[in-house]
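# Below are the sequence and a predicted model; questions follow.
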Amino acid sequence: MKKVTIQDIAAEMGLSRNTVAKALNGGLVSPQTRYAVVQKAWQMGYTKLDENLVEEVKATYRRANTGTILVLFNHMQSTFWTRALAGISNAVNDEGYRMQFHVVDEKDKDGEATGRLIADDVKGIIFLSVFPAKFVKGIGRKKLPVTFFNSPVNSQEYIKIGDVINVEGFYSMNTLIEYVIRQKGCTRFGYIGFAEGSRMIQARYLGFLNACSRYHVQLDERIQYTRPANNVSFSYAMVEEVVKNMPYIPEAIVCEDDDVAKDVALALLQRDPQAVKQVVLTGFNNTLETDFFKKDILTVDVRIEEMGRRLVKSVIDRVKCPTMDASFTTIATYPKI
């Protein structure tokens, strides 16, 4: 049987030999041409076809024909979000979709500006940040499948529109604080975190309170900082101000996440370099860099990349079956003690 050549493929398709050669060898041709040439070469039994090229072309074709998953976000200030986005991107690609990432302008309160940017090929939306109900309802008018990561404490508007996925915080934080009380001997606790900022942060705060209650630890209200000055999040400047104005440095400071814990450590270093060595700090998410100077911060591990994949699976399940009931899912976490 005669071997199929590039010239045979070119003649069959009515293309020049040069164009076919480029398509089969990574040259500059359009994705559509590359896909068509590779498909024809495979059908004709061309033996020199690179299997990696075949898979690459298939993936490109699937993404071009399946659609886009839009990810909405309002800030990018942490390793946590970088890793979450990596998990989302990989999962979207594996499912044969494209990912579009959009940072929402804080002035877009009702979602109108963002809504105008949603292209016709968008098949589903992942809300990677907590947005006001007015914005969520505005985007919800697009009637697209939606999955939310995290939600406000009162999340009725969220659950009306799509799935909500949280990471578990109550039991893991309760376990962490019990360890600090029993094994570290701490009874004087400070707290820094937006306790009502979202359901996830609230759960962590309640887990902290539950452990203190079980072991009859009395909390000094003067060193419980449960709401940032801007009602959004604790910036380093706010943390620095909080630590500077504490009437005394407690034995342990519980922080809503690793970013706040890191900021607290730096602020303590400025206030009292000796105290920062002795104070027990707890965070959450397991995102502290290995070269950070305070290496004994206790934290809770979250499998962030897998969490990102879970968000993608949720929204694509809704794309495939829009009539599914909305769900409220909590993903397991792992205290590192």
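Perfect, thanks for sending it. As the structure is a computational prediction, the values presented were derived from the model and not from experiment.
# Work out which residue lies at the spatial centre of this protein.
residue 84 (3.3 Å; CA atoms, centre = their mean).
# Is it correct that that one is in contact with residue 304?
Yes - with contacts counted by CB atoms under 8 Å, residue 84 reaches residue 304, the gap being 5.3 Å. Every C-beta, even on glycine, is put in place using the N, C-alpha and C of the backbone.
# and the closest residue to the residue nearest to the centre of the chain other than its chain neighbours, how far is that from residue 79?
Beyond its immediate neighbours in the sequence, the residue positioned closest to residue 84 (CB to CB, 6 or more residues apart in numbering) is residue 308, lying 4.7 Å away. Taking CB to CB, to the nearest Å as the measure, residue 308 falls 13 Å from residue 79.
# Those two: which has the busier surroundings?
In terms of neighbours (other CB atoms under 10 Å), residue 308 is the more surrounded of residue 308 and residue 79; the figures are 25 against 15.
# Which pLDDT value belongs to that one?
Per-residue confidence for residue 308 comes out at a pLDDT of 97.
# how about it, what does it touch?
Taking CB atoms under 8 Å, 6 or more residues apart in numbering as the definition of contact, the neighbours of residue 308 are 83, 84, 85, 86, 87, 88, 89, 90, 91.
# wait, is it part of a helix?
Yes - checked against DSSP: H, G, I helix; E, B strand; the rest coil, residue 308 lies within a helix.
# could you pull out the strands for the stretch 1-150 of the chain?
Here the stretch 1-150 of the chain has its strands, by DSSP state E, counting those that start in this stretch, at 68-73, 98-103, 122-127, 146-149.
# which other helices and strands contact the first one?
Applying 3 or more CB pairs under 8 Å, 6 or more residues apart in numbering; DSSP states H and E, we find strand 68-73 packed against helix 79-94, strand 98-103, strand 122-127, helix 304-320.
# What would the first one look like as PDB? C-alpha coordinates only.
Presented in PDB, the C-alpha positions along helix 79-94 are these (Å, rounded to 0.1, in the frame of the first residue of the first chain):
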ATOM      1  CA  THR A  79      -1.300  33.500  46.800                       C
ATOM      2  CA  PHE A  80      -4.600  31.900  47.600                       C
ATOM      3  CA  TRP A  81      -6.300  33.600  44.700                       C
ATOM      4  CA  THR A  82      -3.400  32.900  42.300                       C
ATOM      5  CA  ARG A  83      -3.600  29.100  43.100                       C
ATOM      6  CA  ALA A  84      -7.400  29.100  42.900                       C
ATOM      7  CA  LEU A  85      -7.200  30.700  39.500                       C
ATOM      8  CA  ALA A  86      -4.600  28.100  38.300                       C
ATOM      9  CA  GLY A  87      -7.000  25.300  39.300                       C
ATOM     10  CA  ILE A  88      -9.900  26.900  37.500                       C
ATOM     11  CA  SER A  89      -7.800  27.500  34.400                       C
ATOM     12  CA  ASN A  90      -6.600  23.900  34.200                       C
ATOM     13  CA  ALA A  91     -10.100  22.500  34.800                       C
ATOM     14  CA  VAL A  92     -11.700  24.800  32.200                       C
ATOM     15  CA  ASN A  93      -9.100  23.700  29.700                       C
ATOM     16  CA  ASP A  94      -9.600  20.000  30.500                       C
END
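# Give the buried residues for that helix.
With burial defined by 16 or more other CB atoms under 10 Å, the residues of helix 79-94 counted as buried are 80, 81, 83, 84, 85, 87, 88, 89, 91, 92.
# Which residues does that helix contact?
Residues beyond helix 79-94 that count as contacts (CB under 8 Å, 6+ apart) turn out to be 59, 63, 69, 71, 73, 75-76, 98-99, 101, 126, 128, 149, 257-259, 285, 287, 289, 302, 304-309, 311-313.
# filter those residues to the buried ones?
The neighbour-count test (16+ other CB under 10 Å) marks 63, 69, 71, 73, 98-99, 126, 128, 149, 257-259, 285, 287, 302, 304-305, 307-309, 311-312 as buried among those.
# out of the strands of the stretch 1-150 of the chain, which comes closest to residue 33?
With distances scored as CB to CB, the stretch of the strands of the stretch 1-150 of the chain nearest to residue 33 is strand 98-103 (19.4 Å).
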